[in-house]
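Student: Give me a model of this one.
(2 chains)
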2 protein chains.
Amino acid sequence: MKYIYLTILCIYSSVAWGQNSNGLDNLMPWPKQMTVGEEKFRLDEGFDLGVVGYQSERIQRAATRYIDRMTDRTGLFISQDLITAADTSSVAQLQIQVERSGAVALGEDESYELKINTSRISLTANTDIGAVRGLQTLFQLISVDEEGYYLPAVMIEDAPRFEWRGLMIDASRHFQPVDVIKRNLDGMEAVKLNVLHFHLCDDHGYRIESAAFPRLNEVSSDGQFYTVAELKDIIAYAADRGIRVMPEIDVPGHASALLKAYPEYGSKDTVYHLSRNAGVFDPTLNPIQEETYAFLDELFAEVTGIFPDQYFHIGGDENEGKHWDENVEIQAFMKERGLKNNHELQSYFSNRVYQILDGHGKYMMGWDEIHTEDLPKETVVHSWRGRGQGLTDTTTLFSAAREGYKTVLSNGYYIDLMYHAEDYYAVDPYFGYELEGAMKENILGGEATMWSELVTPLTIDTRIWPRMAALAERYWSPSEVKDTRSMYSRMDKVSLLLEHYGIEHIRNHEMILRNLANSRNIEPVRTIVNVLEPMKGYTRNAGGYMYSVFSPYTKLADATLADAVDAVRLRYLLEDYQQGSMSSHLLEDMFRTWVDNDELIQSMVKTSPILDQAVSHSANLKVIAIDAMQALEYIESGKKAPKKWYKECIMHLEEAKQNQSGRVELQVIEPIQALVEMARGEYSN
Amino acid sequence: MKYIYLTILCIYSSVAWGQNSNGLDNLMPWPKQMTVGEEKFRLDEGFDLGVVGYQSERIQRAATRYIDRMTDRTGLFISQDLITAADTSSVAQLQIQVERSGAVALGEDESYELKINTSRISLTANTDIGAVRGLQTLFQLISVDEEGYYLPAVMIEDAPRFEWRGLMIDASRHFQPVDVIKRNLDGMEAVKLNVLHFHLCDDHGYRIESAAFPRLNEVSSDGQFYTVAELKDIIAYAADRGIRVMPEIDVPGHASALLKAYPEYGSKDTVYHLSRNAGVFDPTLNPIQEETYAFLDELFAEVTGIFPDQYFHIGGDENEGKHWDENVEIQAFMKERGLKNNHELQSYFSNRVYQILDGHGKYMMGWDEIHTEDLPKETVVHSWRGRGQGLTDTTTLFSAAREGYKTVLSNGYYIDLMYHAEDYYAVDPYFGYELEGAMKENILGGEATMWSELVTPLTIDTRIWPRMAALAERYWSPSEVKDTRSMYSRMDKVSLLLEHYGIEHIRNHEMILRNLANSRNIEPVRTIVNVLEPMKGYTRNAGGYMYSVFSPYTKLADATLADAVDAVRLRYLLEDYQQGSMSSHLLEDMFRTWVDNDELIQSMVKTSPILDQAVSHSANLKVIAIDAMQALEYIESGKKAPKKWYKECIMHLEEAKQNQSGRVELQVIEPIQALVEMARGEYSN
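Tutor: The predicted model follows:
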């Protein structure tokens, strides 16, 4: 080829985000190896594709989806439609060639190669799952110039860094209907994830149709569960996208739903209820009764009959053993067997459950509390505890890996806690260590967890996406791909592309803004929401009792996102300003918008009482935006700001920071404080 | 009660639409009888409800949905959540009392009474279905003042004018997944509709799982069909909302899907294909073979086993009989039996099918072509032909009713043709006549049809809603409720409320705008889209071959709505201006926005080629908006406009009108022409 290839690692465009012009700016996860040429493949109505070599329905359907999304995005009317076994043209523009069907199983080859020149696109892969991965890259690469749509000339060799790249969805605390799950599987396809960990049983409900134990549906589901047919449909839908679906039945704790239906397997003689709030609850299976294991054997037989995946998650977390302590028979059993504490009793329980699952041909996986001394080595330890639980972040992961267990990291990936995307993005499954050999091999990958105490079908997309794309990059791309600004820039662009996969993160977000505004005119609400974030960690839902399953999740906190759009923007604008690469005008405009917006909010709340939680934040924002404008003036004029003004500013910022109305926090304190400090002369201008 | 009741019929608020402050402005369909007081029932966190008297799961679930939607809308945290048989408090604020369970069947009592005073809400109904209707009124009535949310004191006695209030969804031409159907059922609940006519078999695909005839799924569905379990789920979901689901299997024409799978029942020895375009196609069942009727008997047995509704729609439309004419055996059969033409042969066919359905205990319904001389009187004739087919609008409806057939009107309610809401709204099932006796009784009601040649799951909500609310009012409310301006005003408000029922008409519309903009900044695209409408009737898809099933439906025409928002707004602004009740400023602002927008569009298309269809419309809009501003100036100054200027304006308007780029039409020609005429002095100022 005549043109020069450039090797690039990671790029970002200007802070004026939002336009998807150059496909290279959209890539996420970033490929393992890529060279880029200057030429362009023109996308036009003559586009066609041929599947040459091995044929599979998976690749035909994936190619059909590619055509659907590509034409929806570009508006091109092309002649090909449903790809079938007849579409094998070797002179078609896009050639897809695979060697064999991929197994939807851990460790399958997902690599692919993509070559684009001016006249031909070649996608080759060992498995059809690899080709599915490559088609997503091909969609992201769609670019625009004044002549129309094109694909940049590239040579990509891509393969995942980790074989376990998961998203856990909790359908117990808030049930998530089939269409929510399916569209999230589409989103997972978009960013090359390969495991849906389906949390289906917890204190709030049992979500699987059960013929063996009908009371699980009758009294422990509030009428909300997946039928077997629906689950099989979901599993097939996922398999088509090369995504495994692993079920979780959480035992012996988190057992309120199991025990409300079948209290005879509980450790306490009591009436059980479904939990309606957040927290760790006491209901626990009785580990000393044979009947309990017979029950689990039959239940797991039913569930493993639905889910073909090799792995089965038994939870095992957060069993505080209160009901065990209270039960004299359990205490006697422990004494008799020489079990010194609840930890050892749980170990006994886990080993029994291991045998049951082994009998059903499944590998057991559990949260890291199951990692006890005599845990069978074939078990996968799911690391979730770290700093937040008084350990170091590597403790549970590394100790499991060191002892020869396979392990998956979720500590640091709890996206329900609404930390910034960059916080999750910074967590590497190797934690920056140069691991080798078995230690390295045993760390299978990572999994983000979407616990659903505070999310509903309306808000779940806004909580998972687009952040999940950044995490998918962490699990797929080389560890060197870690520039935060590039991540935010590309994530913002991928966010728009995800709409073509059916993800409703933008759509549903804006619906909530309309409800807050009680009007279609949402700009004033958007302006304030774009600088707010829900309180993080476990602070929003203080004590677990501020919200229940049935609370409305359409208020200010639910309208805010984990990465306040304008807080991120301000941060990078300020970075550019401080480095002298940008004038003060964009900053001034932003601050003026915030000042002017307050009057609109004060007026709007009169016809929309649900908005009242935003009023004090809006007033605070106005005050500190005025300070920020003044700070800019001082800096631009070269005069040092008066001390009295500075002190007032700090007071304003402190007041704004303390405000938790609506369980949200104002997110522009830090950058404005930096400006104020600059004006005071602490920074050089 | 101390306060004075006002009897009102129909109201509208200012042209500055969009805010839902006064619940009375949201009511649609308008109730049969209503008096309004000045007092207010305050909605707050103390809200509770009790179901007293007859208990049913339907009313419990409907009450739960009411609480969900009410709290989602207002953000109120109330203590009640899932309503169960235990929620029978007779001191609760909202008392729901019904006498019995309603049958999901034609003619069931759907009436209800609603009384609201400052401390108590009383909803009473004969059937639980009546109470479901009343709860929707109660949701619409939610009002706002500076103190918070309230319900106005009202006394409402409400009941439907027609017993058949339907929406037909065509899932054959473009398949519509289960979640699309369910959310549309929720929307139907919102506006008190009671029949989903489910068009499940046509030339483009057979959409029902079939054990008896598996090839219907294997080769005649492109993999897209409803499983029996899904259909039963849909039917139960509808029944919960008091909505019947009537299936349609279209025979003997529209039979490509049936005959692709089972060509032996066709009238021609040929290879059949699924249709990919729009039009009337030739494949037709063979009416002279006993095997055909045996096939239909078994097929209908399977379908009637799924759908409990008393009615079964056999289509029967648009059989042009070409394959009958070509078949010598059929010609011989006709001669032998003395059947003079295809009309009589179809009559023979219909009577055979009638016998089959009678055997399955179903009433037959069919499009009006089945109305032949010896059609059994128990058949329902579905009137769809009128002016467009060379008849008068009343022909097929009135002749059927006169002859003693029950009949339902769809002529005039083809919402897929994208005429204005007011056009459909103006069509009354009695066509303005004072009907009496059997003639009146035989007209059961009306049904809107959403044929799906040009709609996808992404766009179907934008085509059905909010217009369906206006049609629902036509079918429910007294015929005197017909003020167009009030309809547009209330429809605009109900549109926002429909978001709480899961309708995605606003959400998906804006997603398409983002794709057209290739950016989150959609305002320039919104501005031009808000004055455009897709070409109407059958003109957009000229010849039926411009679009196929697989074309992208994300372009300019798909982004436009049937009632261009700003065209409606301009019309009423101009009305107020001409009546002297408004100054020229709002008009000027609107015109200036259009002028300034053109530069934004010209710039935006450079990074979004899919937007190019809007460019010429934007340029035209700028030109005529400049003319409109000039016209305003002449009018305001009292000077008569020069003839030369006037002629140029007319030329500009004509050019703008001729432009069909993107299969859309600019919709502000008429009002601007009126302004230009005013300036010329034809109208008095």
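Student: OK, contacts around the closest residue to A:Gly134 other than its chain neighbours?
Tutor: The shortest distance from A:Gly134 to any non-neighbouring residue, by C-beta to C-beta, 6 or more residues apart in numbering or on different chains, is to A:Tyr112 (3.6 Å). C-beta: built from backbone N, CA, C; applies to glycine. By C-beta atoms under 8 Å, 6 or more residues apart in numbering or on different chains, the contact set of A:Tyr112 is A:123-125, A:130-131, A:133-134, A:137, A:156, A:158-159.
Student: Return the subset of those lying in helices.
Tutor: A:130-131, A:133-134, A:137 (DSSP state H).
Student: CSV please, covering the residues you listed and showing pLDDT, distance to B:Pro252 and neighbour count.
Tutor: As requested, the ones in helices among the contacts of A:Tyr112 are arranged in CSV below (pLDDT from 0 to 100; distance: C-beta to C-beta, whole Å; neighbours: other C-beta atoms under 10 Å in any protein chain shown):
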residue, pLDDT, distance to B:Pro252, neighbour count
A:Gly130, 98, 49, 26
A:Ala131, 98, 44, 30
A:Arg133, 98, 48, 29
A:Gly134, 98, 48, 28
A:Thr137, 98, 50, 23
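Student: For the residues you listed, give me TSV that also has distance to A:Glu504.
Tutor: Shown next, in TSV, are the ones in helices among the contacts of A:Tyr112 (distance: C-beta to C-beta, whole Å):
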residue	distance to A:Glu504
A:Gly130	29
A:Ala131	27
A:Arg133	24
A:Gly134	26
A:Thr137	23
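Student: before we move on, the earlier item: so what pairs up with the residue nearest to A:Gly134 in the strands?
Tutor: Beta-bridge partners for A:Tyr112, by DSSP bridges, are A:Asp158.
Student: how far away is the residue lying closest to A:Asp282 once chain neighbours are set aside from A:Phe333?
Tutor: With C-beta to C-beta, 6+ apart as the criterion, A:Asp282 has its nearest non-adjacent residue at 4.6 Å, and that residue is A:Lys322. A:Lys322 sits 17 Å away from A:Phe333, going by C-beta to C-beta, to the nearest Å.
Student: Next: A:Leu27.
Tutor: 57 Å.
Student: Likewise for A:Thr74?
Tutor: 67 Å.
Student: Tell me which of the two has more neighbours.
Tutor: Applying other C-beta atoms under 10 Å in any protein chain shown to A:Thr74 and A:Phe333 shows that A:Thr74 carries more neighbours, namely 25 against 18.
Student: wait, what's in contact with that one?
Tutor: Counting by C-beta under 8 Å, 6+ apart, A:Thr74 touches A:43, A:142, A:149, B:552, B:609-610.
Student: tell me which of those residues is nearest to A:Gly580?
Tutor: A:Gly580 lies nearest to A:Ile142 out of the contacts of A:Thr74, by C-beta to C-beta, at 35.1 Å.
Student: What does the pLDDT read for the residue lying closest to A:Asn286 once chain neighbours are set aside?
Tutor: Distances taken as C-beta to C-beta, 6+ apart place A:Ser267 nearest to A:Asn286, at 4.5 Å, with adjacent residues excluded. The per-residue pLDDT reported for A:Ser267 equals 97.
Student: picking up where we left off before, the residue nearest to A:Asp282: neighbouring residues, count only.
Tutor: Counted with other C-beta under 10 Å, A:Lys322 comes out at 17.
Student: Tell me where the stretch 201-350 of chain A has strands.
Tutor: Assigned by DSSP state E, counting those that start in this stretch, the stretch 201-350 of chain A shows strands spanning A:205-206, A:244-251, A:311-315.
Student: Show the contacting residues for the residue of the stretch 251-400 of chain A found nearest chain B.
Tutor: Closest residue of the stretch 251-400 of chain A to chain B, C-beta to the nearest C-beta: A:Arg276 (7.5 Å). Contact partners of A:Arg276, counting by C-beta under 8 Å, 6+ apart, are A:204, A:548-550, B:81.
Student: cool, and A:Asn508?
Tutor: Going by C-beta under 8 Å, 6+ apart, A:Asn508 touches A:458-459, A:461-462, B:507.
Student: looking at the strands of the stretch 201-350 of chain A, which is closest to A:Met34?
Tutor: That would be strand A:244-251 among the strands of the stretch 201-350 of chain A, by C-beta to C-beta, at 27.2 Å.
Student: who touches that closest one?
Tutor: Residues outside strand A:244-251 that contact it (C-beta under 8 Å, 6+ apart) are A:104-106, A:168, A:194-202, A:208, A:234-235, A:238-239, A:258, A:285, A:296, A:299-300, A:303, A:306-307, A:309, A:311-317, A:349, A:353, A:365.
Student: So which bits of the stretch 51-200 of chain A are right by chain B?
Tutor: A:67-68, A:71-77, A:81-82, A:144, A:146, A:148-149, A:177-179 (C-beta under 8 Å from any C-beta of the partner chain).
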